[in-house]
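quick one: sequence plus predicted model below, questions after.
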Amino acid sequence: MEHVDVVVVGAGISGIGAAYFLQRDCPDRSFVILDGRDDIGGTWDLFRYPGIRSDSDMHTLGYSFKPWTADRAIADGPSIMAYLRETVAEHDVAAHLRLRHHVRQAEWSSASATWTIHADDLATGTPVQLTCSFLYMCAGYYNYRHGHVVEFPGQAEFAGTIVHPQQWPEDLDYRGQRVVVIGSGATAMTLVPAMAGQAAHVTMLQRSPTYVIARPDRDKLANGLRRVLPDRLAYRITRRKNIALQQFLYRRTRTKPDAVRTLLLGEARKALGDHYDVERHFTPRYDPWDQRLCLIPNGDLFEAIRTGTASVVTDTIERFTEHGIRLGSGEELPADLIVTATGLDLVTLGEVEFRVDGVPVDFSRTWTYKGLAYSDVPNLASSFGYINASWTLRADLTAQYVCRLLNHLRATGTDTCTPRLRPTDRDMPAKPWIDGFSAGYIQRALPRLPKQGDRQPWVNPQHYATDRKMLLRDPLSDGVMQFTRHRRPVGASPSAQEHAAP
């Protein structure tokens, strides 16, 4: 059976970044990247709906090691895919890629200190097995087979077309049609202005509003710096500036939510005019960043509303009818096409079935270690980005931490690293894996996700500066991460073993 030092699962932004750091920081380690899809890119290859774009700037969504040099900082899907392909080519990532390899099971053996990976080669229809010393999950956080599907009363009666953005047909022609987009998240706010130019009219139907922030799709400072400085230096300055701005805005939403709310709603009123009912359509019931802010580049959604090519309706759905949607208010919205932008279906670690020494792992009964590993699960890390900043900021940090861990194992002559609760951790209160974030897609998944505690390292801070220190500078031997060789402790007490959260 083939053996490699590291198996990376997922060839999206996180997996491609992991390949770079493994080659840079652990050049003597062998690795492969397995992905069940036909192409790299993950999210950016999967979603094909009109207007698909980043919802954060590419100077922070881009990698720390590869400058984003395009003029637009808010980039469309094809531009992001081109950036990822450049990264793959520049760093010879293709030599490690095995596409159309769907991982379904991972089994840890303490006797051999290895994971056995069970996958299916979708090209040949045959099962594949390989072993590795460390497993790094970069499979994202949502179900690639389908989004979150809501069954509305009367759907079978509707005479038009119903489509979810995650399964957007390539040949869907909506020119001249009346379109209703159900939802108020980032996908809906991307679709509405993108479709408004060709559809007869686009209505965004929302049960409740979301906070929006309009920003230019070009970063004047970044574009100006590139004209006078080398790309890497210009990128580094812009990246630091944007990280600081992201963190400042998020901190303000925590410390002065009323002031941020006033600012956001004031910008909406300025864009839409005093006659527009901003209170009804753009004023959520929660504080800013209790759910993710929606970025609208160049105010494109506001522009579509002002010109009359799009509109927002805030109401509940009573049922679908033959010709549209009947609302709770009794009004009927006519539609030829209904887009159900009802969100993502989150999964745990790529829906892979995990076993440790024959015992199935229930991640909901584990504690998160630094937001990337799991109590009593050896030689496993997973990449999960930020809900309040760009995904790649944390993906980069996590990959560098994994490399630190691998090098520490090599340097200490150990082969197993397992986070275990200390006796003093036994009374920790169990907090949600992501705390203080009320978005539906997260709340639906929390019962399946690990818990976090009230003390380091059993935390998932979702804070860039904290993570930089915790992942890049704090000691690896912290009394929690236990380094052993075939069950023989090295510098840690076996009595510090404690099982999962209740």
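Thanks, I have the structure now. Remember, predicted model here, so these are calculated numbers, not experimental data.

got the domain ranges for this structure?
Domain segmentation of the chain under automatic domain parsing yields 2-144+347-422+476-496, 155-340.

of those domains, flag the one that's most buried.
Comparing the domains of the chain by mean neighbour count (mean count of other CB atoms under 10 Å), domain 2-144+347-422+476-496 ranks first with a mean of 19. From N, CA and C alone the C-beta is placed, and that goes for glycine too.

gap between it and the chain center?
Distance, stretch centre to chain centre, for domain 2-144+347-422+476-496: 13 Å (CA atoms, centre = their mean, to the nearest Å).

where does the chain have low pLDDT?
For the chain, the stretches flagged by pLDDT under 70 are 487-502.

returning to that earlier point: now distance to residue 435 too, for the domains of the chain, in CSV please.
Converted to CSV, these look like this (distance: least, CB to CB, whole Å):
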stretch, distance to residue 435
domain 2-144+347-422+476-496, 10
domain 155-340, 11
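
at which residues are the helices of the stretch 51-200 of the chain located?
Using DSSP state H, counting those that start in this stretch, the helices of the stretch 51-200 of the chain run over residues 58-61, 77-90, 186-196.

so what does the helix or strand residue 24 falls within touch, helix or strand wise?
Assessed by DSSP states H and E, residue 24 sits inside helix 13-25. Packing contacts for helix 13-25, counted by 3 or more CB pairs under 8 Å, 6 or more residues apart in numbering; DSSP states H and E, involve strand 2-9, strand 31-35, helix 77-90, helix 391-412.

okay, how far is it across stretch 457-472, tip to tip?
End-to-end span of stretch 457-472 (CA to CA, to the nearest Å): 13 Å.

which parts of it are buried?
457-464, 467-468, 470-471 (16 or more other CB atoms under 10 Å).

contact partners of whichever helix in the chain runs longest?
Ordering each helix of the chain by length in residues (DSSP state H) puts helix 231-255 first. Applying CB atoms under 8 Å, 6 or more residues apart in numbering, the contact partners of helix 231-255 are 56-57, 59-60, 62, 64, 67-69, 219, 221-222, 225-226, 229, 259-260, 287-289, 388-390, 393, 463-465.

swap in 6 Å and give it another go.
For helix 231-255, contacts defined as CB atoms under 6 Å, 6 or more residues apart in numbering pick out 57, 59-60, 67, 69, 222, 225-226, 260, 288-289, 388-389.

format the CA atom coordinates belonging to stretch 59-72 as PDB.
Presented in PDB, the C-alpha positions along stretch 59-72 are these (Å, rounded to 0.1, in the frame of the first residue of the first chain):
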ATOM      1  CA  HIS A  59      -5.400  41.400  -1.000                       C
ATOM      2  CA  THR A  60      -6.600  39.400   2.000                       C
ATOM      3  CA  LEU A  61      -8.400  36.600   0.300                       C
ATOM      4  CA  GLY A  62      -5.300  36.100  -1.800                       C
ATOM      5  CA  TYR A  63      -2.300  34.200  -0.300                       C
ATOM      6  CA  SER A  64       0.300  35.800   1.900                       C
ATOM      7  CA  PHE A  65       3.000  34.500  -0.500                       C
ATOM      8  CA  LYS A  66       1.400  35.400  -3.900                       C
ATOM      9  CA  PRO A  67       0.600  39.000  -4.700                       C
ATOM     10  CA  TRP A  68      -2.800  39.900  -6.200                       C
ATOM     11  CA  THR A  69      -1.900  42.200  -9.100                       C
ATOM     12  CA  ALA A  70      -5.200  42.500 -10.900                       C
ATOM     13  CA  ASP A  71      -6.800  46.000 -11.100                       C
ATOM     14  CA  ARG A  72     -10.000  44.900  -9.300                       C
END
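
now what about that stretch, what contacts it?
With CB under 6 Å, 6+ apart, stretch 59-72 has contacts from 17, 54, 58, 87, 217-218, 231-232, 235, 238-239, 242-243, 390, 392-393, 396.

can we see that at 8 Å?
Contacts of stretch 59-72 (CB under 8 Å, 6+ apart): 13, 17, 20, 24, 54, 58, 73, 75, 79-80, 83, 86-87, 90, 217-219, 222-223, 226, 231-232, 234-235, 238-239, 242-243, 246, 389-393, 396.

stretch 100-115: end-to-end distance?
By CA to CA, one end of stretch 100-115 lies 20 Å from the other end.

bridge partners for the residue lying closest to residue 7 once chain neighbours are set aside, pull those for me.
Leaving aside its chain neighbours, residue 7 sits nearest to residue 132 (4.1 Å; criterion: CB to CB, 6 or more residues apart in numbering). Beta bridges link residue 132 to residue 4, residue 115 when assigned by DSSP bridges.

next one: residue 9
residue 34, residue 137.

quick revisit: just the CA coordinates for the helix holding residue 24, please, in PDB.
C-alpha atoms of helix 13-25 as PDB (Å, rounded to 0.1, in the frame of the first residue of the first chain):
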ATOM      1  CA  ILE A  13      -7.800  27.700  -1.700                       C
ATOM      2  CA  SER A  14      -6.800  26.000   1.500                       C
ATOM      3  CA  GLY A  15      -5.400  22.900  -0.100                       C
ATOM      4  CA  ILE A  16      -3.400  24.700  -2.700                       C
ATOM      5  CA  GLY A  17      -2.000  27.000   0.000                       C
ATOM      6  CA  ALA A  18      -1.100  23.900   2.100                       C
ATOM      7  CA  ALA A  19       0.900  22.600  -0.800                       C
ATOM      8  CA  TYR A  20       3.000  25.800  -0.900                       C
ATOM      9  CA  PHE A  21       3.800  25.800   2.800                       C
ATOM     10  CA  LEU A  22       4.600  22.000   2.900                       C
ATOM     11  CA  GLN A  23       7.100  22.500   0.100                       C
ATOM     12  CA  ARG A  24       8.600  25.600   1.700                       C
ATOM     13  CA  ASP A  25       8.700  24.500   5.300                       C
END
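
going forward, begin numbering at 13 instead of 1
Got it, first residue is 13 now, which makes that one helix 25-37.

would you mind pulling the contact partners of it?
18, 20-21, 41, 43, 45, 47, 52, 54-56, 73, 75, 77, 96, 99-100, 103-105, 108, 148, 150, 152, 395, 397, 403-404, 407-408, 410-412, 414-416, 419.

which of the buried residues of stretch 469-484 lies closest to residue 292?
residue 474 (31.0 Å; CB to CB).

show me what contacts residue 308?
Contacts of residue 308 by CB under 8 Å, 6+ apart are 201, 205, 224-227, 314.

list phi and psi for it.
phi -120, psi 100 (degrees, to the nearest 10).

turn the contacts of residue 308 into JSON lines, including distance to residue 344 and secondary structure.
Below are the contacts of residue 308 laid out as JSON lines (distance: CB to CB, whole Å; DSSP: H, G, I helix; E, B strand; the rest coil):
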{"residue": "201", "distance to residue 344": "24", "secondary structure": "helix"}
{"residue": "205", "distance to residue 344": "24", "secondary structure": "helix"}
{"residue": "224", "distance to residue 344": "27", "secondary structure": "strand"}
{"residue": "225", "distance to residue 344": "33", "secondary structure": "strand"}
{"residue": "226", "distance to residue 344": "31", "secondary structure": "strand"}
{"residue": "227", "distance to residue 344": "36", "secondary structure": "strand"}
{"residue": "314", "distance to residue 344": "26", "secondary structure": "helix"}
